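Asker: have a look at this prediction, sequence included:
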Amino acid sequence: MKFNLKKELPLILITMIPAIFLWYVWKDLPMEVPLHWNIQGEVDRYGSKNELIWLTTLLPFFMYLLFLFVPLIDPKKKIAMMGGKFYTIRLFLTLFLSVLFTFIIYSVKEQTLTNPNYLFMIIGIFYVVLGNYFKTIKPNYFIGIRTPWALENETIWKNTHRLAGKLWVLGGLLIIISCFVFNQETALTIFLIITAIITLIPVSHSYFQFKKLAAVVILLMVSTSFFAQENFKRPQTPQAPFEYNVEEVSFQNTQDSITLAGTFTYPMTGRNFPVAILISGSGPQNRNSEIFGHKSFWVLADYLTNQGIAVLRYDDRGVGESTGNFSKATSVDFAEDVVAAIAYLKSRKEINLNKIGLIGHSEGGTIAPMVAAENKNVAFVVSMAGVMLPGSELLLLQKELQLRSMGSSEDYISKEIEFDKGIMKLISTSASDSLKRNLEKYTSEYFEKNPKFVSDHGMTETYYKTLIVESYSSPWLSNFIKYDPKNNLERLECPLFALNGERDLQVPAKENLEVLEHISNIDSSKKFTLKSYPDLNHLFQECKTGTLMEYGQIEQTLSPQVLQDIAEWINNL
């Protein structure tokens, strides 16, 4: 950090105002001066005037130096990103402290607090000014509403500071008005009440926002396309012109009478190429498997095609240009779409019919072995963070890891898991036509026995119950919970390459790869290749925490090492 004297000089001069004023009145001050006043404005403590040197001169200089060096010691490095806005906040903070301490020195000199309403007015003005800048403050440990819940999640931080900004501006204006309208005792009461309100409401808001996020995190994880957005810097997204053929294609799933639309890419020269069908993860996905502006399937298809491997990727049924109803489909239905894709590729003269393979991500990594176990036309399977555990076990483990990463207490996590275990058991034993009714009964009884459970989530009982019942009674989720991939993995005869990131909080690497290791140990004929990547998340990005909210903050779409490993593995078959 370079020290800019031209910019810092105004702040230094403002910081010196209380010291200059104290020096000016020093000789007129008695040795003992009033240092504290009670609520009525009466002096209740005297002390040496030397104490004023620390209180009104050294303290402002200490605050100036602290905020000067805060950007250097900020571990998040977000304050430095605020640029001129942080400087403006420092300017107003310095001005506020100088006016406040100058007012205190004047009151000491006059041996009376004069009119305390002036003090409240100064603070009210400060509230208004700072409130206008709250929304510009980025997550950090030094300024703003620094609750653990806001610091954990950038969205919660932003929402909390937008609310706080409005409250501080309104509260500051009300304090200023009250100073003109009411006497000092009434103005003091109003000041204390408003200060408490504008402080406690944002803190409570951040807490309840965090709890609400924790309650719905499982829904976000099973519908990752919720995060598909534009306007992000994504350097790996392929750019034209392409050095391979690109065709917009469509094919039929005749069993369900739907049309699937996609993109087929293959090298410009030669023929008899190996080909991979890309199978997306949970939630309605387009052909690029887009999330937070990351187009991972496009990046993967581009890399593989440049390495001599043809690729077919397509919009999920009911998404983009594909027909059909996504909301009523299950993993079994999506597997039929893959079978239709295989049938289409058999009509392409460019490919090697003996080297048609499947690459699936997340749920797609579960669907791929499901199809390959039944279809001898599948030559290989690549499972990227594919689910190998029973769905019920995965969701419990997934939720535990997510809540722990968000800083939830062990007691809170154990209650969540207890509640979810009851749901998993209910789904496993209920017929489809009675599932919704059984879920309603279970949640009602559980909430009645545990009333604090609902309030901890920051939602009404009716809303939370509806959220649980509608989500878990959906055909896809109830089928996912009941499904155990182990049976199809044991029947799989083609080579399988399973990749997992060790920072994956959605499909944990260790537990899922252990399933494949166990199968391989029992059956030595299995051609399983397993690889675990230490610093990669569920999307196979190089990351720090692995949390969902980090996905969009990372510019990288897919680790180059993962791209290279997949291409080499396929080409070496």
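Answerer: Happy to help now that I have it.
Asker: may I have stretch 343-357 as CSV, with CA atoms only?
Answerer: Taking Å, rounded to 0.1, in the frame of the first residue of the first chain, the C-alpha atoms of stretch 343-357 are listed here in CSV:
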residue,chain,number,x,y,z
ALA,A,343,-29.4,-45.0,-30.7
TYR,A,344,-28.9,-41.7,-32.4
LEU,A,345,-25.1,-42.0,-32.4
LYS,A,346,-25.3,-45.4,-34.1
SER,A,347,-26.5,-43.5,-37.2
ARG,A,348,-23.4,-41.2,-37.3
LYS,A,349,-20.8,-42.4,-39.8
GLU,A,350,-18.1,-40.3,-38.1
ILE,A,351,-17.8,-42.4,-35.0
ASN,A,352,-16.5,-45.8,-33.9
LEU,A,353,-19.5,-47.8,-32.9
ASN,A,354,-17.4,-49.8,-30.5
LYS,A,355,-16.3,-46.8,-28.6
ILE,A,356,-19.5,-45.1,-27.5
GLY,A,357,-19.1,-44.0,-23.9
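Asker: okay, buried residues for the helix or strand harbouring W157 please.
Answerer: Using DSSP states H and E, W157 sits in helix 154-181. Within helix 154-181, the residues scored as buried using 16 or more other CB atoms under 10 Å are 154, 156-157, 159-161, 163-176, 178-179. Yep, even glycine has a C-beta here, placed from its N, CA and C like the rest.
Asker: from the contact counts, what lies against it?
Answerer: Packed against helix 154-181 by the contact rule (3 or more CB pairs under 8 Å, 6 or more residues apart in numbering; DSSP states H and E) you find helix 116-133, helix 148-152, helix 184-221.
Asker: for D484, which non-adjacent residue is spatially closest?
Answerer: P390 (4.2 Å; CB to CB, 6 or more residues apart in numbering).
Asker: list the contacts for that neighbour?
Answerer: 483-486 (CB atoms under 8 Å, 6 or more residues apart in numbering).
Asker: can you list the low-confidence ranges for the protein?
Answerer: Low-confidence segments of the chain (pLDDT under 70): 1-2, 37-42, 76, 81, 83, 112-115, 152-155, 210-232, 457-459.
Asker: where exactly do the strands run in it?
Answerer: 32-37, 43-48, 244-253, 258-267, 273-279, 290-291, 294-295, 310-314, 351-361, 378-384, 496-501, 528-533 (DSSP state E).
Asker: doesn't E51 make contact with H36?
Answerer: No - assessed by CB atoms under 8 Å, H36 is found out of contact with E51, at 10.5 Å.
Asker: shared neighbours, the two?
Answerer: With CB under 8 Å, 6+ apart as the test, H36 and E51 reach no residue in common.
Asker: quick one, what contacts the residue lying closest to I554 once chain neighbours are set aside?
Answerer: Computed as CB to CB, 6+ apart, the closest residue to I554 that is not its neighbour in sequence is Q541, at 4.8 Å. Contacts for Q541 (CB under 8 Å, 6+ apart) come out as 294, 551, 554, 556-559.
Asker: if we go to 7 Å?
Answerer: 551, 554, 556, 559 (CB atoms under 7 Å, 6 or more residues apart in numbering).
Asker: just the ones of those in helices?
Answerer: For the contacts of Q541, not one is inside helices, with DSSP state H as the criterion.
Asker: in CSV, list those along with neighbour count and distance to F528.
Answerer: Below are these laid out as CSV (neighbours: other CB atoms under 10 Å; distance: CB to CB, whole Å):
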residue, neighbour count, distance to F528
Y551, 20, 28
I554, 17, 29
Q556, 17, 28
S559, 21, 21
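Asker: quick one, what contacts Y533?
Answerer: For Y533, counting by CB under 7 Å, 6+ apart, the contacting residues are 499, 501-502, 559, 562.
Asker: got CSV for those, with distance to K399 too?
Answerer: As requested, these are exported to CSV (distance: CB to CB, whole Å):
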residue, distance to K399
L499, 23
G501, 18
E502, 19
S559, 26
V562, 26
